[in-house]
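# predicted structure and sequence below. I'll ask about it afterward.
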Amino acid sequence: MNFSIRQYPFDNNLESEIIDNHRDFLNWPLVYFLEENKTKEAYVGETTDVLSRLKTHSKSERKQRLNTVNLILSDQFNKSATLDVESNLIKYISADGTYSLQNGNLGISNHQYYQQKEIYWELFKNIWGELKALGIARHYLHDIDNSDLFKYSPYKSLSREQIKGLRMILNCLLDDNAKVSLIQGGAGTGKSILAIFLFKLLKTNLGDFNESDFDENDIDIFHLLELVKQKYGELSMALVIPMASFRQTISNVFKNIKGLSSKMVIGPSEIVKQKYDLLIVDEGHRLRRRVNLGSYFGTFDKNSETLGLDKYTSSELDWVQLQSTKSIIFYDQFQSIKPSDVSKESFYALKNLPTTRNEKLRTQFRVKGGNNYVKLIHHLFDRNINIDDPKINIGFYDFKLFDDINEMVNQIQLKEDQKGLSRMIAGFAWEWISKNDKSKFDIVIEDTLLQWNSTDKDWVNSSNAINEVGCIHTTQGYDLNYAGIIIGPELDYDFSTQEFIIYKDRYKDKNGKNSINDSKVLLDYVINIYKTILLRGIEGTYIYVSNHNLRKYFSQFIPIYQEKDEQQAPLEILDEPTENTVPFYDLEIAAGSFSDLQSAGDAKFIEVHNLNLPHDYFICRVVGESMNKVIPNGSFCLFRKYTGGSRNGLIILVEGSDIFDSETGAHYTIKKYSSKKAVDEEGWHHEEITLEPLSTKTYQPIILRDEEMLNFKVIGVFVKVVR
């Protein structure tokens, strides 16, 4: 799809510039990006009346600080498409981190419409590539997708359940009798996203919301927000996160969002410093009481004394209620993992107070296996499962049990290369001896030697995380693409009693077991740990079990990984095309020109299902190691024929007389594309094109300049490995 991005000063001459140059778009759907390059402030919008909308912005005191407008134009835009592009731009520009957005976080919806995925998502990727070339965007989309700024951004479209919870919370703020909103939700139900969304909503000026984009739910929420602001004015508020690692991550997110700051994210011990109109508590199940606190005993006692509370019977949950006029507490009783956590009885008592309003979040958002996968995990550990029961359908979620720990480590590292954000996590069944001696290994299983996380602050995003193993304390609250879970020797299964067994001496978290005399209580905590970390992986979860009996128990219900699983049956190569086939070209025998291979009369065909327009695609068998982070040597890969638009950030198949691939000996290659652009009196032109290898081995990029770019031709855009 054709599009253009035209840039103009946001001044008194803008109207005449648009009339002179874009008369056809005066009443046509388009997207615009207002910016101020020095302060890096920006605003994203869409409209069908560009002159009227920009004139309104020019009268806004805050918008007057913006001095440049970028118009994103396409004669194939419709209203749904521009709303979609606008929503995606808001989400990705916010997470890109270059600009602070003036936008409010209402009116950002997931618009469903005809050809959204087939055409308009490709269009957005091309628009993003062009914005990158213009210096407006900095990061590639796939890198942003794995970033905390994107995952925990307040610029998210909420689910119906989250909207219901948000409406309930705003009503709680308006209800003089409701002091606490207690919101229960399991792992992956979006509690953290809702907490951050709410915080940003309450900290945004009403004038920053674009009411023209509101649907019925947005209008309802906006009116409630108006009433809250009329009632309280500027709320004194903070987001309380008990876990230090996750707190650091969300502090970094707040630091990059306009209107928020890292100081608004606090730990429970900071609650005592002042009174708040509103405290929002995420992961409330990790608030503490005076049990097994280690070095925190002194601070806990001092804070309890400061607040006039009995240190032996009070908890951080009491601090929250005492120090806030209103509080919103998100919690999950199944994620309480140690004796220091506030007891479930305390939450039960709070739940039944007449001043508490209760809500539940039920829909699973994190794991692609959905609620069925969550159900399977709970059934496995609660023994509500039988070998003769019908299997729970978790779709295509990648859930495997490994007999070889080394093979699981290798597979997680492979997923890190392919998907990113893939980590090993283990139960706390090994001492952390490498903390003081980096030459030692903590987790030793047969000939596999591993070390615990080298940092306890934001470990998931640390530089060496893929080579280390995290624990519950460094991963609770986080999303991963793939999680490799090691169930340690502290947990076992007895087939004669059909019960789980806990070995207290093998469980190494001293603060997690001291003071516990009842093995059933410790077992419940350990099972909660494993339930929690088994719900980290978005795309898939791999498991290695240390004890034989427990591994045997799980093997009845979890598919066992075998190397042949990854070596799928070869694709059937046909001599004649059918309705669902695409052309196949074997690059191993395609030396010279790819175009010659395309025109050869003996082309083969491969059947590919679930493609809307098969004739727009082709398959190549790719040889070589220069792209092995994404495309293993010998893979069959699906490409979409290139028909125009930005290529920045895409993996492409290209050919040209000045291109030479050392692995194939041909004048074509598959590489990641990027370019530098320059502008002169004739307009934009390429200054340099870089074709970058993505390999675990050392390959030099191919750089094209000047005349070398004249015979440059893009053949196709990489879609996925099919075998």
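Sure thing, it's come through. Residues are numbered from 1 along each chain as shown.

# buried stuff in stretch 86-94?
For stretch 86-94, a neighbour-count test (16 or more other CB atoms under 10 Å) marks 86-94 as buried. Glycine gets a C-beta too; all of them are placed from N, C-alpha and C.

# which among the residues you listed gets closest to residue 57?
Proximity of the buried residues of stretch 86-94 to residue 57 (CB to CB) peaks at residue 86, which lies at 14.3 Å.

# returning to what we had before: which ones among the buried residues of stretch 86-94 map onto helices?
Of the positions in the buried residues of stretch 86-94, 86-94 sit in helices, assigned by DSSP state H.

# coming back round to it: farthest pair within the buried residues of stretch 86-94?
Greatest spatial distance in these: 86 and 94, 12.5 Å, computed using CB to CB.

# pull the distance from stretch 147-163 to the chain's centre.
From the chain centre to the centre of stretch 147-163 is a distance of 9 Å (CA atoms, centre = their mean, to the nearest Å).

# still on that earlier bit, export the buried residues of stretch 86-94 to JSON lines and tack on pLDDT and distance to residue 320?
Formatted as JSON lines, these follow (pLDDT from 0 to 100; distance: CB to CB, whole Å):
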{"residue": "86", "pLDDT": "91", "distance to residue 320": "38"}
{"residue": "87", "pLDDT": "89", "distance to residue 320": "34"}
{"residue": "88", "pLDDT": "91", "distance to residue 320": "37"}
{"residue": "89", "pLDDT": "94", "distance to residue 320": "37"}
{"residue": "90", "pLDDT": "93", "distance to residue 320": "32"}
{"residue": "91", "pLDDT": "92", "distance to residue 320": "31"}
{"residue": "92", "pLDDT": "94", "distance to residue 320": "35"}
{"residue": "93", "pLDDT": "95", "distance to residue 320": "35"}
{"residue": "94", "pLDDT": "93", "distance to residue 320": "29"}
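
# rebuild these as TSV, extending it with distance to residue 14.
Formatted as TSV, the buried residues of stretch 86-94 follow (distance: CB to CB, whole Å):
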residue	distance to residue 14
86	19
87	25
88	25
89	20
90	22
91	27
92	25
93	21
94	25
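
# going by distance to residue 387, which of these wins?
Looking across the buried residues of stretch 86-94 and measuring by CB to CB, the closest to residue 387 is residue 91, at 44.3 Å.

# for that closest one, give me its contacts.
Shown in contact with residue 91 (CB atoms under 8 Å, 6 or more residues apart in numbering): 108, 150, 153, 155-156.

# which of these tops the neighbour count?
In terms of neighbours by other CB atoms under 10 Å, the contacts of residue 91 top out with residue 108 at 26 neighbours.

# checking that residue next. Helix, strand or coil?
Here residue 108 is recorded as coil under DSSP: H, G, I helix; E, B strand; the rest coil.

# does it touch residue 155 like I think?
Yes: between residue 108 and residue 155 there is a contact under CB atoms under 8 Å: 5.8 Å.

# what touches both of the two?
In terms of CB under 8 Å, 6+ apart, residue 108 and residue 155 are both contacted by the residues 90-91.

# where is pLDDT lowest across the contacts of residue 91?
For those, the model is least confident at residue 108; its pLDDT is 72.

# got a list of what the residue nearest the centre of the chain touches?
For the chain, the residue nearest the mean C-alpha position is residue 151 (3.8 Å; CA atoms, centre = their mean). For residue 151, the contacting residues are residue 479, by CB under 8 Å, 6+ apart.

# then residue 154?
Residue 154 is in contact with 105, 196-197, 199-201, 257, 260, counting by CB under 8 Å, 6+ apart.

# pick out whichever of the residues you listed sits closest to residue 494.
Of those, the one sitting nearest to residue 494 (CB to CB) turns out to be residue 196, at 43.3 Å.

# isn't that closest one right up against residue 152?
Yes: in this structure residue 196 lies within contact range of residue 152 using CB under 8 Å: 5.7 Å.

# and for these two, which residues touch both?
250, 253.

# double-check that residue 178 belongs to a strand.
No: going by three-state DSSP, the assignment for residue 178 is coil, not a strand.

# could you report the neighbour count for it?
Neighbourhood size, residue 178 [other CB under 10 Å]: 17.

# least trustworthy helix or strand in this structure by mean pLDDT?
None of the helices or strands of the chain scores lower by mean pLDDT, DSSP states H and E than helix 563-566, at a mean of 53.

# right, and the helix or strand after it?
Later in the chain than helix 563-566, the nearest helix or strand by DSSP states H and E is strand 573-574.

# what sits up against that following strand?
Taking CB under 8 Å, 6+ apart as the rule, strand 573-574 contacts 581, 584, 604-607.

# pull out the buried residues from those.
581, 584, 604-606.

# biggest separation within the residues you listed, which pair?
Spatial extent of these (CB to CB) is set by the pair 581 and 604 at 9.2 Å.

# phi, psi of residue 240?
phi -100, psi 120 (degrees, to the nearest 10).

# isn't it right next to residue 264, touching?
No: Residue 240 lies out of contact with residue 264 (CB under 8 Å); the separation is 10.2 Å.

# check contacts around residue 205.
Residues near residue 205 by CB under 8 Å, 6+ apart: 62, 104.

# where in the stretch 501-650 of the chain is pLDDT low?
For the stretch 501-650 of the chain, the stretches with pLDDT under 70 are 563-570, 588-593, 595-602, 609-612, 645-646.

# for it, which segments count as strands?
With strands called from DSSP state E, counting those that start in this stretch, the stretch 501-650 of the chain shows them at 537-545, 573-574, 581-586, 604-607, 617-621, 636-641.

# how far away is the closest residue to residue 506 other than its chain neighbours from residue 502?
With CB to CB, 6 or more residues apart in numbering as the criterion, residue 506 has its nearest non-adjacent residue at 4.0 Å, and that residue is residue 490. Using CB to CB, to the nearest Å, we find residue 490 at a distance of 6 Å from residue 502.

# which neighbours do these two share?
In contact with both residue 490 and residue 502: residue 526, using CB under 8 Å, 6+ apart.
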